[in-house]
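Engineer: Here is a sequence with its predicted model. Questions after.
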Amino acid sequence: MVSSVTSLGRSGLSDWLVQRVSALVMTAYIFFMVGYFVINPSPSFEQWQALHGSLAMRIFSLLTILSIAAHAWIGMWCVLTDYITVRLIGPKATPIRMFLQLAMIALILLYVVWAIDILWGI
Amino acid sequence: MRILESYLKSYFIVKTKRPVNLDIGTIKLPITSYVSILHRVSGVVLFLAVALMLWVLDMSLASKQSFQSLKECLSSPIAQFVIWAALAALAYHVVAGIRHLIMDLGVGEDSFETGRRSAWLVVVVAVAVIISLAGWIFLW
Ligand code: HEM
Ligand code: HEM
């Protein structure tokens, strides 16, 4: 088995599973939001705030942003390690890839902190 | 004139018919390749679009004023287009992602033919959803 040191899980198999479970959580969230807008196409501010202020919805949203974080962590790792390689772009590939990975991780952390700030600031 | 015409014809038309090495215009990738590459592209686009979604969520919840100004902003066609593009990437990624998940269960991977058919189904469903999104965002 190929171990993936910089990736989220400790092996390709757990990465694969995390990618699938996170996809299911996000899909559930998307279908819920679509359903909400079908039933109530133009919510007032008060309705919208009440929806997102409820504990259940906060937890659902939190699970979704955590899923996005894990999913993007793994998915972007796959893309970067496929294309930013020494074979494709030369010897500078490794530092460039590491820089992009760090930037990506910083952005993911920002997303999570920002989302928590939004949800618990309601 | 006829000489000029036939020269131009041979220059522009016949010459293009000469044998070509690695003719990227006619090497055809199967539909499954396009569906898969687009899934990857849409995933990368989405990663950046999350910033947009969080910003909209933030403004929609921060205060009644910001909710109101967001609504005003979203009546501008440019803002509508950006939102539509982000949701289109999401729609495509999800439809193609669901195909992935179903194939992971072992369904529809018995032959190249079923793989090709489900890839076409992804294209058809994604286009339908993206057109509906356009209707919802721009017309409604
Ligand atoms: C904002 C949310 C999302 C982002 C940023 C995102 C991003 C990505 C990225 C970058 C990849 C890697 C692509 C590749 O390796 O070719 C990926 C793969 C995947 N995505 Fe997403 N995605 C998101 C939402 C979703 C959703 C809602 C689903 C639900 C169906 C989904 C299903 C998948 C699947 C199944 C894969 C694995 C494909 C494979 O194994 O090759 N994604 N995603
Ligand atoms: C989805 C991302 C957004 C895009 C692409 C976008 C784009 C634009 C554009 C192009 C305009 C000029 C509209 C015009 O003059 O016709 C505009 C105006 C405006 N935007 Fe945004 N915007 C976005 C999100 C937001 C958010 C989250 C807010 C905060 C509440 C906001 C508040 C405003 C306000 C107050 C105006 C002036 C409204 C007006 O004059 O009608 N926008 N935006």
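Structural biologist: Arrived safely, thanks for sending. Ligands and ions are numbered 1, 2, ... in the order given.
Engineer: got the contact list for the lowest-mean-pLDDT helix or strand in chain A?
Structural biologist: Ranked by mean pLDDT, DSSP states H and E, the weakest helix or strand in chain A is helix A:86-89, scoring a mean of 90. Applying Cβ atoms under 8 Å, 6 or more residues apart in numbering or on different chains, the contact partners of helix A:86-89 are A:83, A:93-94, A:96. For every residue, glycine as well, the C-beta is placed using N, CA and C.
Engineer: Need the residues you listed in JSON lines (columns: secondary structure and pLDDT).
Structural biologist: JSON lines is the format used below for the contacts of helix A:86-89 (DSSP: H, G, I helix; E, B strand; the rest coil; pLDDT from 0 to 100):
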{"residue": "A:Tyr83", "secondary structure": "helix", "pLDDT": "94"}
{"residue": "A:Ala93", "secondary structure": "helix", "pLDDT": "93"}
{"residue": "A:Thr94", "secondary structure": "helix", "pLDDT": "92"}
{"residue": "A:Ile96", "secondary structure": "helix", "pLDDT": "95"}
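Engineer: Any quick ChimeraX command for the buried ones out of the residues you listed?
Structural biologist: Selection of buried members from those for ChimeraX, criterion 16 or more other Cβ atoms under 10 Å in any protein chain shown:
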select /A:93
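Engineer: buried set for stretch A:95-111?
Structural biologist: A:97, A:101, A:104-105, A:107-108, A:111.
Engineer: who in chain A is up against chain B?
Structural biologist: Applying Cβ under 8 Å from any Cβ of the partner chain, we find that chain A lies next to chain B at A:20, A:23-24, A:26-27, A:30, A:41, A:45, A:48-49, A:52, A:68, A:72, A:75-76, A:79, A:104, A:107, A:111, A:114-115, A:118, A:121-122.
Engineer: try it again with 7 Å
Structural biologist: A:20, A:23, A:27, A:30, A:45, A:48-49, A:52, A:68, A:72, A:75-76, A:79, A:111, A:114-115, A:118, A:122 (Cβ under 7 Å from any Cβ of the partner chain).
Engineer: In PyMOL, select just the buried ones from those.
Structural biologist: In PyMOL syntax, the buried subset of these is picked out as below (16+ other Cβ under 10 Å):
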select buried, chain A and resi 23+27+45+48+49+52+68+72+75+76+79+111+114+115+118
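Engineer: which residues of the chain score low on pLDDT?
Structural biologist: Just going to use chain A. Scanning chain A for pLDDT under 70 picks out A:1-10.
Engineer: Chain B was what I was after
Structural biologist: Residues of chain B meeting the criterion pLDDT under 70: B:10-26.
Engineer: Tell me where chain A has strands.
Structural biologist: With strands called from DSSP state E, chain A shows none.
Engineer: Output the residue of it whose distance to ligand 1 is smallest.
Structural biologist: Here the residue of chain A nearest ligand 1 is A:Gly75; by Cβ to the nearest ligand atom that distance is 2.5 Å.
Engineer: In contact with that residue, which residues?
Structural biologist: Residues in contact with A:Gly75 (Cβ atoms under 7 Å, 6 or more residues apart in numbering or on different chains) are A:19, B:43.
Engineer: Spatially nearest residue to B:Ile123, not counting backbone neighbours?
Structural biologist: Just so we're on the same page, residue B:123 is Val rather than Ile. In this structure, B:Val123 finds its nearest non-sequential neighbour in B:Val35, 6.7 Å apart by Cβ to Cβ, 6 or more residues apart in numbering or on different chains.
Engineer: for the helix or strand where that neighbour lies, packing partners?
Structural biologist: Secondary structure assignment for B:Val35, by DSSP states H and E: helix B:31-62. Counting contacts by 3 or more Cβ pairs under 7 Å, 6 or more residues apart in numbering or on different chains; DSSP states H and E, helix B:31-62 is packed against helix A:45-53, helix A:55-83, helix A:93-119, helix B:64-73, helix B:77-104, helix B:112-134.
Engineer: Tell me how far B:Leu48 lies from ligand 1.
Structural biologist: As defined by Cβ to the nearest ligand atom, to the nearest Å, B:Leu48 lies at a distance of 8 Å from ligand 1.
Engineer: and that residue, what does it touch?
Structural biologist: Per Cβ under 7 Å, 6+ apart, neighbours of B:Leu48: none.
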